[in-house]
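Novice: Give me a model of this one.
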Amino acid sequence: MRRGRGGFVASPTMVGALTVMVVTLAVFLAYNANNGLPFVPTYRISAQVPNADTLVPGNEVRVGGVRVGVVEDIVPQQAENGDLSARLDLKLNKDVDPIPVDSTVIVRSRSALGLKYLEIDEGTSTKGFAAGSIMPLAAATPEPVELDQVLNMFDAPTRAAVQTNLLEFGDALAGRGPALNAAIGRLPGVLALLRPVAKNLSSPETGLERFITALGATAAELAPVAEIQAQAFGSLDTTFTALAEVARPFIQESISEGPPTEAVAIDTLPRIRNLLTTSTSLFNDLEPAATALRTDSPVIASALETGTPIVARSDQLNDQLAPTFESLFALNNNNGARAGITAATTATDALGPAIKFIEPAQTVCNYAALALKNLYGVASDGNDIGAWQRFIVFDVPKGPNSEGLPSSGIANGGGDGKNFLHSNPYPNTASPGQKRECEAGNEPFKAGQVVFGNPPGNQGTSTAGQ
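Specialist: Residues are numbered from 1 along each chain as shown. Alright, predicted model coming up:
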């Protein structure tokens with residue numbers, strides 16, 4: 001009988017050895033799974049943290065909540081100034097290579113049982129840490145807050161105060177269900193009004209963040225003098241106890257009269273707004289005079305010093321002042337006179353703009369005085385029998401559309417060569433809105449061309465001899 005050839009599986013020893021090897025390999029891979037699979041390329045860097053408490057080799061490294069590697073080793077370090085820190089050697093997946101140089105790291109809690117992991121918050125820099133680099137200690141920010149630190153806030157006094165607050169809040173809310181329902185029903189309207197307020201507060205221009213930061217700094221500054229502040233509140237209690245004796249009726253009446261006083265102010269202030277505006281304009285108008293007084297005040301002071309004794313000796317004048325002022329007072333109280341003054345004021349207000357426009361024609365250009373002077377000159381010659389009119393007749397230029405005859409257009413040449421229209425119907429008289437010049441009578445004569453309207457340039461303000 002011929003014996004068949006045995007295969008590999010026919011040997012129990014070989015099968016058992018192979019099984020043991022496979023199981024051993026599986027156990028090895030499972031044991032080292034947290035440290036990464038062998039023969040897989042990795043990206044190794046290190047990170048410095050102020051404290052690696054409860055962090056152990058094999059803890060996860062995450063980016064955006066996704067596991068990207070493990071903490072391979074933890075090495076304590078001491079700086080030259082004696083500060084202690086820890087260096088974490090990280091073994092990361094190759095697909096996160098490189099980590100940006102402006103990235104930050106923080107040790108976070110994974111569970112309430114104390115399990116930790118290292119979180120990397122990737123930055124936006126185009127430069128990255130090369131393999132083997134060390135992330136500086138400045139990148140370990142923000143400072144982590146441990147769960148026990150949060151729980152330690154609730155010490156025995158705080159827990160007792162929380163219990164008291166809850167008890168008092170319960171007593172305050174007891175039996176107020178209808179009022180709370182009414183308040184909740186009105187909340188939508190309040191929230192609608194609160195929306196623009198919240199929008200303004202959230203705006204960067206409001207600076208709320210800086211205000212809260214400054215408020216925290218202020219509280220930190222006040223902390224060393226907290227006891228003094230407490231004493232101040234105790235002293236205030238003594239003060240208010242003393243004020244309690246005059247609270248009624250004096251302080252109570254002051255508070256009661258506050259709203260009516262504000263109502264009167266609200267009603268009155270808009271009415272005196274015109275007075276305030278007019279007063280502002282008056283003081284603006286007085287500003288040039290005040291500026292002039294700065295240089296002329298010595299002369300005015302000298303005049304007052306000289307005039308004071310003279311006025312003191314004016315007994316007759318002083319005797320007439322009292323009846324004069326009494327007469328003025330009686331005139332002021334006379335209804336007819338007041339009506340006349342009101343009418344005159346109204347007329348002055350109506351004529352004010354026109355007078356303001358016409359005034360420079362005399363004060364700057366002296367046209368009214370020149371007109372009266374020339375009018376007097378018309379009849380300045382005469383004899384014992386009477387005066388006669390003096391004038392000279394000018395012969396107008398000859399030509400088409402001459403000013404001496406009816407015309408169909410503007411005189412523009414012809415005849416004796418002088419037939420050109422020169423007319424300025426609205427000359428500048430230094431009035432408001434015009435140039436400071438006196439054009440009437442000062443217009444230059446342009447031979448051989450038509451001149452109509454205001455001539456170019458400034459003709460000056462001299463009108464003597466016109």
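Novice: I'd like the distance from the strand or helix carrying Ile212 to the chain centre, please.
Specialist: Secondary structure assigned from DSSP states H and E places Ile212 in helix 208-222. For helix 208-222, the separation from the chain centroid amounts to 22 Å (computed by CA atoms, centre = their mean, to the nearest Å).
Novice: shouldn't Glu146 be in contact with Ser109?
Specialist: Yes. With contact defined as CB atoms under 8 Å, Glu146 reaches Ser109; the gap is 7.1 Å. In this view, the C-beta of every residue, glycine as well, is placed from N, C-alpha and C.
Novice: number of nearby residues for Asn284?
Specialist: Burial of Asn284 is recorded as 9 neighbouring residues (other CB atoms under 10 Å).
Novice: quick one: strands adjacent to the longest strand that the chain contains?
Specialist: Scanning the chain for the strand with the most residues, using DSSP state E, yields strand 66-78. The partner list of strand 66-78 in its sheet, established with DSSP bridges, is strand 60-63 (antiparallel), strand 84-93 (antiparallel).
Novice: Check the gap between the residue nearest the centre of the chain and Asp237 for me.
Specialist: If you average the C-alpha coordinates of the chain and look for the closest C-alpha using CA atoms, centre = their mean, you land on Glu205, 8.3 Å from that point. Glu205 sits 41 Å away from Asp237 when distances are taken as CB to CB, to the nearest Å.
Novice: now Gln149
Specialist: With the distance defined as CB to CB, Gln149 ends up 36 Å from Asp237.
Novice: again with Leu167
Specialist: The gap separating Leu167 from Asp237 is 25 Å, by CB to CB.
Novice: what's the answer for Arg273, then?
Specialist: As for Arg273, its distance to Asp237 is 44 Å (criterion: CB to CB).
Novice: Find the nearest non-adjacent residue to Ser46, please.
Specialist: Across the structure, with CB to CB, 6 or more residues apart in numbering as the measure, the residue nearest Ser46 apart from its sequence neighbours is Ile134 (4.4 Å).
Novice: which residues in the stretch 251-400 of the chain form helices?
Specialist: In the stretch 251-400 of the chain, the segments counted as helices under DSSP state H, counting those that start in this stretch are 252-268, 273-312, 315-333, 335-363, 367-378.
Novice: JSON lines for those, including mean pLDDT and distance to Ala174?
Specialist: JSON lines is the format used below for the helices of the stretch 251-400 of the chain (pLDDT from 0 to 100; distance: least, CB to CB, whole Å):
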{"stretch": "helix 252-268", "mean pLDDT": "87", "distance to Ala174": "32"}
{"stretch": "helix 273-312", "mean pLDDT": "84", "distance to Ala174": "52"}
{"stretch": "helix 315-333", "mean pLDDT": "84", "distance to Ala174": "71"}
{"stretch": "helix 335-363", "mean pLDDT": "85", "distance to Ala174": "70"}
{"stretch": "helix 367-378", "mean pLDDT": "80", "distance to Ala174": "92"}
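Novice: would CSV of the ones you listed with distance to Gly409 be doable?
Specialist: Listed next are those as CSV, based on distance: least, CB to CB, whole Å:
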stretch, distance to Gly409
helix 252-268, 66
helix 273-312, 49
helix 315-333, 62
helix 335-363, 32
helix 367-378, 31
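Novice: just checking, the residue nearest to the centre of the chain is part of a helix?
Specialist: Yes. Following the definition DSSP: H, G, I helix; E, B strand; the rest coil, Glu205 is counted among the residues of a helix.
Novice: ok, back up a step: can you count the residues close to the residue nearest to Ser46?
Specialist: Other residues near Ile134 number 14, with proximity taken as other CB under 10 Å.
Novice: quick one: pLDDT of it?
Specialist: Ile134 is assigned a pLDDT of 88 by the prediction.
Novice: Same check on Pro196?
Specialist: Predicted confidence (pLDDT) for Pro196: 86.
Novice: helix/strand/coil for it?
Specialist: Assigned by three-state DSSP, the conformation of Pro196 is helix.
Novice: hang on, Tyr43 packs against Lys94?
Specialist: Yes. Between Tyr43 and Lys94 there is a contact at 5.2 Å, judged by CB under 8 Å.
Novice: Pick out whichever of those two has more residues nearby.
Specialist: Ranked by neighbour count (other CB under 10 Å), Tyr43 and Lys94 place Tyr43 first, with 20 against 12.
Novice: got the contact list for that one?
Specialist: Taking CB atoms under 8 Å, 6 or more residues apart in numbering as the definition of contact, the neighbours of Tyr43 are Gly69, Lys91, Leu92, Asn93, Lys94, Val96, Asp97, Pro98, Ala131.
Novice: Check Ser202 too.
Specialist: Leu208.
Novice: any idea how far Arg210 is from it?
Specialist: 14 Å.
Novice: Kindly report the same for Thr348.
Specialist: Counting by CB to CB, the gap from Thr348 to Arg210 is 57 Å.
Novice: ditto for Asn374
Specialist: On the measure of CB to CB, Asn374 and Arg210 end up 76 Å apart.
Novice: cool, Gln78 as well?
Specialist: Using CB to CB, Gln78 is found at 38 Å from Arg210.
Novice: can you check Arg186 too?
Specialist: In terms of CB to CB, Arg186 sits 33 Å off from Arg210.
Novice: And Gly352, how far from Pro432?
Specialist: The separation that Gly352 has from Pro432, given CB to CB, amounts to 12 Å.
Novice: ditto for Ile385
Specialist: The separation that Ile385 has from Pro432, given CB to CB, amounts to 49 Å.
Novice: ok, the two, which is more surrounded?
Specialist: Under the criterion of other CB under 10 Å, the comparison of Ile385 against Pro432 puts Pro432 first, with 9 against 6.
Novice: Ile355 is in contact with the more buried one, correct?
Specialist: No. The pair Pro432 and Ile355 fails to qualify as a contact (CB under 8 Å) at a distance of 11.2 Å.
Novice: show me what contacts the residue nearest to Arg110 when sequence neighbours are not counted?
Specialist: Leaving aside its chain neighbours, Arg110 sits nearest to Tyr117 (5.0 Å; criterion: CB to CB, 6+ apart). Listed by CB under 8 Å, 6+ apart, the contact partners of Tyr117 are Asn59, Glu60, Val61, Arg62, Val107, Arg108, Arg110.
Novice: now those: which count as buried?
Specialist: The neighbour-count test (16 or more other CB atoms under 10 Å) marks Asn59, Glu60, Val61, Arg62, Val107 as buried among the contacts of Tyr117.
Novice: In JSON lines: these, plus pLDDT and distance to Asn412.
Specialist: As requested, the buried ones among the contacts of Tyr117 are exported to JSON lines (pLDDT from 0 to 100; distance: CB to CB, whole Å):
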{"residue": "Asn59", "pLDDT": "87", "distance to Asn412": "105"}
{"residue": "Glu60", "pLDDT": "88", "distance to Asn412": "102"}
{"residue": "Val61", "pLDDT": "89", "distance to Asn412": "99"}
{"residue": "Arg62", "pLDDT": "89", "distance to Asn412": "97"}
{"residue": "Val107", "pLDDT": "86", "distance to Asn412": "100"}
